[in-house]
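Trainee: Coordinates for the following, if possible.
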Amino acid sequence: MALHSLFAPIPLSAPSSSRRRIIQHYQNPFPPITLHRRSRLIVRRFRVVRAFVSSTSDSKEAGDGGAKKVVFGEKKELTPLQSIVDALPAQARLVGSAVLVAAALAAGYLLGFKFGRSKNAALAIAAAMGAVAGGSVYAMRSCVPEVAAVSLHNLAAGYDDPMDLTKEDIEKLVQKYGVSKQDDIFIQELCNLYSRYISSVLPSLGENLKGDEVEKIIQFKKRMGIDDPEAASVHMEVGRRIFRERLETGDRESDMVQRRAFHQLVYVSSLVFGEAAKFLLPWKRLFKVTDSEVEIAIRDNAQRLYASKLSLFEMDFDENQLISWREAQLQYKLSDEIAADMFRERGRELVEKKISIAAEMVKSRMKTGKETTMFVEELEKVLAFNDKLTLANKHLDARQFAVGIGPVSLLGGEYDIGRKSDDLKLLYKAYASECFPNGCFDKNKVESLNHLKNIFGLGKRESESIMLEITTKIYRKRLSQAVSSGDLEIATSKAAFLQNLCEEIQFESEKASQIHEEIYRKKLQNCITKGELTEDDVSTLLRTRVMLCIPQSTVDVAHADICGTLFERVVKDAISSGVEGYDANMRDSVRKASKGLRLSKDAAMIIASKAVRKVFMNYIQRSRGTGSRLEAARELKKMIAFNTLAVTQLVSDIKGETPVEVEAEPVQEEEKYVRIDEEWESLQTLRKTRPNKELEAKLGKPGQTEITLKDDLQDRDKTDLYRTYLLYCLSGESTVVPFGVQITTKKDDSEFLLLNQIGGILGLTSKQTVEIHRSLAEQAFMKQAQVILADGQLTKARVEQLNDLQKQVGLPAEYAQKIIKNITTTKMAATIETAVSQGRIGIKQVRELKEASIDLDSMISERLRENLFKKTVDEIFSSGTGDFDQEEVYEKIPDDLSLDPKKAKKVVQELASIRLSNSLVQAVSSLRQKNREGVVSCLNDILACDKAVTADVFTWSAPEELSDLYCLYLKSVPAPEKLSRLQYLLRITDTSAAALRDSAERGDLPLVENDEEEFAF
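Mentor: Residues are numbered from 1 along each chain as shown. Modelled structure (predicted):
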């Protein structure tokens, strides 16, 4: 049925059968079998309700003075007959009706007898007169319910307040007229009054519910004595009127207003009927609305009512209010979750108002500069409100209070994001500042600060940062006062004085130490503005250090940072000019700076090392960026010269030592270096790095080794640089003459001494240096040895040639032999692997090679060894001897080939299983070809395979062929155990076997006479 037909006007005449069926199903989806009278009653009731329900929509516009018109309308007038019925009591109507009928009968009989002069005529006229009287009596009695309905309407319309109408008034009216409450017309009037009352109680369009509508409707329904099914029908009819008006609305705004009115009706109706509303109010079926829409309507209206109730919520609430809000929530059927959110939101709004006032006060104080503490009072109110809610949450009767009670939080409100969150930090900072009266922290404010932090939603880091900022400012102020007044200087224990100061303002000692260090650094910066520290400056700094209890390590770090900056400038100016720029003036400036800035030798060396290493790295970068090895070596040579002529002098000036003192130490170190590497003196390149005294005197003093690139370069980079210069020392400088000929123009063993200095600058250890020389010697020896041993054959002449090469390179004999062995082994491995793959080497040859101490595991791959094992086992199974040595196959051969015994045994069993079936076929084939040796060989193979894996009894299509096989094997005179096992496998019975053996002893076996009888085909 279309939705618009559902709201079509109902005529005042008798309802159609289709309409009766709709209402009957609508009233009760599962009606009893006999419900005809009830259905007619409902149809008539709806007809009357719809006739009156539309008139109530306009009555909302009337004022309070016309309460009677607004609710039930004007009183109704009675017809003359109804007036007579109304005037007569019920007993009088009964007596009068009887008298009237009797009088009519008597009068009719007399008149009929008088004029008709017969008894029949008298009876006929009497019957006619009685019928007329009976009709009159019926008409009078039939209008009694209508009179009762009109009287009920007039009774209700006569009250200024509809609630003045009581159930007793209706009972008296029913008794007066002698009607039943189940009368159709009377019930119609009751439903009409109930419908008018619902429309009057519900708010006008666009207004909110007041909260008392449900209770009023329930009380009025009880007074009227209407059952829930009839009342639910009235509610649904009111909903249909609202829904129809919504469909007829043209604009969107009016549609929203009608929708809201419909939701209000749904909500009120659900509360009126309670749990029964689910089956008494079929909103979904009649109005095509979903269950979620009904739930939304109930939730939204419950929220509005609870919100209006919470509008009375202020900071000075009491327990009775908390209980009343809980009762209201339960009455409004609002869920605990939503109610808790609404309560917390209302509490947050109250707090936000106070926060806004306090924030304006603080901002005004910052602009005007006037001291005011009025904002503290506002924040104290917030804290008191928060404490009150917290105590209520912990109350014994907290379950009776409104849900959502607890500490306040501004999270989720207007102060949660944006610039207003900064106002919270500003307020917290201002409030925390007021917690330090007279420069001491008020311990009673600890709890208040924690609560305020939780209310504002500040994190631990944010609150600690604010408190640190405040306490730092106060500590600096009080420390300045203590120093200026002399209290700190005259204190017996300055550490105890400072510790007490930190405890008074709840300030961490570590933060105080940082402030002390900062103060010392500022004083130090002021003292070195002249470029050096005087005795007065040192005395002032010492006094500051003692008063503030600054550790010596902190002082050293401060001097290294501040004085080191100036010293670093001096060092950079000294070395920036290169080798020639470091003259006497530069040396004097370095010495003056090192002494005047009062830097320790270690600190000065660290600063100088940082600057020098940067220059060293520049040389390294230029060396790497060159395109040839010769240019790279030249850049490294420049670095050596810079280290010898500039850096060495710089180190001696910083330490205040003479150049002679600097020379002695490297020589001792060199002697130590030589003693460590005596075992490698055979290396020619390494020996050349140990120059004689004449060469040392010619080259002058060695360079310093304290500033190196040990931690600035990776080991691989240092090795590459050292190798580059080593190759340069070996090849020397060369030039290209016309026709592409390259000749060596300069080659001197003195370069090897510079190579030693390169190792010192790069920070290479003696072990790393020796390893580089050894690897280079091995590389040269291996390259020449591979040419000599190209075919892998090591002859006596080649051995002598390799010994000469070893002496020439200077490689120790141990490493030379290892290289020679690797070359020969590699060549031999290729040869052996080729022979194995071609089948030229078997297990016998493998055992001979192992006896010769040749490592076959590294020469022959595992795959080839497995193939060789399979080939060997297959040869055993096809040898035709019938022998199978388990120890040989399962243990010795796998051990010789370095194979897993378990895996080898599995391979043997697989090969034996395959060979069993093939050998039987081959034996029968040889039998048919008259090949006696082939038959015996195949049968022996079967027996060998049977020893590896136990075989099952053979089955064959021609059993006589199995007997022939047995006879042939018997003639070969085998071992008894072999013959017995073959008899079992070929299924030869003991009787047949005994007969065949007897025949063999007599020499008359079947296969002896002729060829045709020897074989059975």
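
Trainee: When you work out contacts or count neighbours from here on, use the C-alpha atoms and nothing else.
Mentor: Fine.

Trainee: what's stretch 444-451 in contact with?
Mentor: Stretch 444-451 has contacts (C-alpha atoms under 8 Å, 6 or more residues apart in numbering) with 383, 432, 435.

Trainee: quick one: which of those residues sit in helices?
Mentor: For the contacts of stretch 444-451, the ones inside helices are 383, 432, with DSSP state H as the criterion.

Trainee: With neighbour count added, can I get the contacts of stretch 444-451 in TSV?
Mentor: TSV is the format used below for these (neighbours: other C-alpha atoms under 10 Å):
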residue	neighbour count
383	20
432	21
435	20
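
Trainee: got TSV for the contacts of stretch 444-451, with pLDDT too?
Mentor: Below are the contacts of stretch 444-451 laid out as TSV (pLDDT from 0 to 100):
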residue	pLDDT
383	90
432	88
435	88
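
Trainee: right, and out of the contacts of stretch 444-451, which lies closest to residue 416?
Mentor: Taking C-alpha to C-alpha as the measure, residue 416 sits nearest to residue 383 out of these, at 18.5 Å.

Trainee: isn't the closest one right up against residue 452?
Mentor: Yes: using C-alpha atoms under 8 Å, residue 383 makes contact with residue 452 at a distance of 6.9 Å.

Trainee: residue ranges for the helices of the stretch 401-550 of the chain, please.
Mentor: Along the stretch 401-550 of the chain, counting by DSSP state H, counting those that start in this stretch, helices occupy 420-433, 446-456, 460-485, 487-490, 494-504, 509-527, 535-548.

Trainee: Please identify the buried residues of the second one?
Mentor: This points to helix 446-456. Going by neighbour count (16 or more other C-alpha atoms under 10 Å), the buried part of helix 446-456 is 448, 449, 451, 452, 453, 454, 455, 456.

Trainee: Compute the distance between the residue nearest to the spatial centre of the chain and residue 424, please.
Mentor: In the chain, the centroid-proximal residue (C-alpha atoms, centre = their mean) is residue 459; its distance is 22.6 Å. Residue 459 sits 12 Å away from residue 424, going by C-alpha to C-alpha, to the nearest Å.

Trainee: With residue 211 instead?
Mentor: 38 Å.

Trainee: got a list of what the residue nearest to the centre of the chain touches?
Mentor: Taking C-alpha under 8 Å, 6+ apart as the test, what residue 459 contacts is residue 453.

Trainee: picking up where we left off before, and which of the contacts of stretch 444-451 is nearest to residue 786?
Mentor: Of the contacts of stretch 444-451, the one sitting nearest to residue 786 (C-alpha to C-alpha) turns out to be residue 432, at 85.5 Å.

Trainee: And the strands in the stretch 751-900 of the chain?
Mentor: Under the criterion DSSP state E, counting those that start in this stretch, the stretch 751-900 of the chain carries no strands.

Trainee: Quick one: low-confidence residue ranges for it.
Mentor: For the stretch 751-900 of the chain, the stretches with pLDDT under 70 are 789, 791-796, 824, 827-833, 835-840, 849-850, 852-859.

Trainee: Quick check on the residue nearest to the centre of the chain: phi, psi?
Mentor: Main-chain torsions, residue 459, degrees, to the nearest 10: phi -80, psi 170.

Trainee: i'd like the first residue to be 17 from this point on
Mentor: Right, with 17 as the first residue, what we last looked at is residue 475.

Trainee: That one and residue 469, how far apart?
Mentor: Residue 475 is 8 Å from residue 469, by C-alpha to C-alpha.

Trainee: Now for residue 342, how many residues are close by?
Mentor: 20 (other C-alpha atoms under 10 Å).

Trainee: Residue 201 belongs to a strand?
Mentor: No: with DSSP: H, G, I helix; E, B strand; the rest coil as the criterion, residue 201 is located in helix rather than a strand.

Trainee: And the helices in the stretch 167-316 of the chain?
Mentor: Counting by DSSP H, counting those that start in this stretch, the helices of the stretch 167-316 of the chain are 183-193, 200-217, 229-240, 244-264, 268-289, 293-296, 299-303, 307-326.

Trainee: Just the C-alphas of the last one, formatted as CSV.
Mentor: Coordinates of the C-alpha atoms in helix 307-326 are reproduced here as CSV (Å, rounded to 0.1, in the frame of the first residue of the first chain):
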residue,chain,number,x,y,z
ASP,A,307,14.7,1.2,14.3
SER,A,308,17.7,3.4,14.3
GLU,A,309,15.6,6.5,13.5
VAL,A,310,13.3,5.6,16.4
GLU,A,311,16.4,5.3,18.7
ILE,A,312,17.7,8.6,17.4
ALA,A,313,14.4,10.3,18.2
ILE,A,314,14.4,8.9,21.7
ARG,A,315,18.0,9.7,22.3
ASP,A,316,17.9,13.3,21.0
ASN,A,317,14.8,14.3,23.0
ALA,A,318,16.2,12.6,26.1
GLN,A,319,19.4,14.6,25.6
ARG,A,320,17.4,17.9,25.3
LEU,A,321,15.4,17.2,28.4
TYR,A,322,18.5,16.3,30.4
ALA,A,323,20.4,19.3,29.0
SER,A,324,17.6,21.6,30.2
LYS,A,325,17.8,19.8,33.6
LEU,A,326,21.6,20.3,33.7
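
Trainee: hey, which helix is longest across the chain?
Mentor: Assigned via DSSP H, the chain shows its longest helix as helix 352-384.

Trainee: Counting neighbours, which bits of it end up buried?
Mentor: Buried, per 16+ other C-alpha under 10 Å, within helix 352-384: 354-356, 358-364, 366-368, 370-372, 374-375, 377-378.

Trainee: mind checking how far that helix is from the chain centre?
Mentor: Relative to its parent chain, helix 352-384 has a centroid offset of 35 Å by C-alpha atoms, centre = their mean, to the nearest Å.

Trainee: Mind giving me the packing neighbours of it?
Mentor: If you count contacts as 3 or more C-alpha pairs under 8 Å, 6 or more residues apart in numbering; DSSP states H and E, helix 352-384 packs onto helix 307-326, helix 390-409, helix 436-449.

Trainee: buried ones in the last one?
Mentor: Using 16+ other C-alpha under 10 Å as the burial criterion, the residues of helix 436-449 that qualify are 437, 439, 440, 441, 442, 443, 444, 445, 446, 447, 448, 449.

Trainee: show me what contacts the residue nearest to the first one when sequence neighbours are not counted?
Mentor: Of all residues not flanking residue 437 in the chain, residue 431 sits nearest, at 5.1 Å (C-alpha to C-alpha, 6 or more residues apart in numbering). Remark: with contacts taken as C-alpha under 8 Å, 6+ apart, residue 431 is in contact with 368, 437, 440.

Trainee: re earlier: could you redo the helices and strands packed on helix 352-384 as a markdown table and give each row distance to residue 509?
Mentor: What follows is those, written out as a markdown table (distance: least, C-alpha to C-alpha, whole Å):
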| stretch | distance to residue 509 |
| --- | --- |
| helix 307-326 | 62 |
| helix 390-409 | 39 |
| helix 436-449 | 29 |
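
Trainee: for these, which one sits closest to residue 524?
Mentor: helix 436-449 (16.6 Å).

Trainee: Can you show me the helices along the stretch 617-766 of the chain?
Mentor: Going by DSSP H, counting those that start in this stretch, the stretch 617-766 of the chain shows helices at 617-641, 645-658, 664-671, 675-692, 700-704, 709-715, 731-747.

Trainee: by contact count, what packs against the last one?
Mentor: Counting contacts by 3+ C-alpha pairs under 8 Å, 6+ apart, helix 731-747 packs against helix 645-658, helix 767-778.
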